[in-house]
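Engineer: with the sequence up front, the predicted model follows.
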Amino acid sequence: MKINVEVDCTPEEARTFLGLPDLRPMQDAVLAKMQQQMLDAVDALSPEALLRTWMPLAPQTPEQMRDAMAGLFRLFTPMAGGKGPGSQG
């Protein structure tokens, strides 16, 4: 003897009938947190963020780059009297 029982209900109706808790709010909260962490990780992998991480002493703004270049030019230009660090004599 074989008996087949077919129940047509939604997962929410089955969960309620069996007395199981509704975990959807917790799942939504966990998924939202995971999504935020993934977006933060993508932001951390941007070229600008990687450069800041790998080279923390590198100039970060155009003004800092300008000042660094000006310092290099002052260092390698001949000093008063014609004798500079790169000149012969």
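Structural biologist: Okay, I see it. Since the model is a prediction, treat every value here as computed from it, not as a measurement.

Engineer: CA atoms for contacts and neighbours, from now on please.
Structural biologist: Noted.

Engineer: and for residue 45, the neighbour number?
Structural biologist: For residue 45, the count of nearby residues is 13 (other Cα atoms under 10 Å).

Engineer: residue 38 versus that one, what's the distance?
Structural biologist: Look at residue 45 and residue 38: by Cα to Cα, to the nearest Å, they are 11 Å apart.

Engineer: next one: residue 60
Structural biologist: Distance from residue 60 to residue 38, counting by Cα to Cα: 25 Å.

Engineer: contacting residues around the helix or strand hosting residue 15?
Structural biologist: Using DSSP states H and E, the element containing residue 15 is helix 11-18. With contact meaning Cα atoms under 8 Å, 6 or more residues apart in numbering, helix 11-18 is reached by 21, 22.

Engineer: how about a cut-off of 10 Å?
Structural biologist: Contacting residues not belonging to helix 11-18 are listed as 7, 8, 9, 10, 19, 20, 21, 22 [Cα atoms under 10 Å, 6 or more residues apart in numbering].
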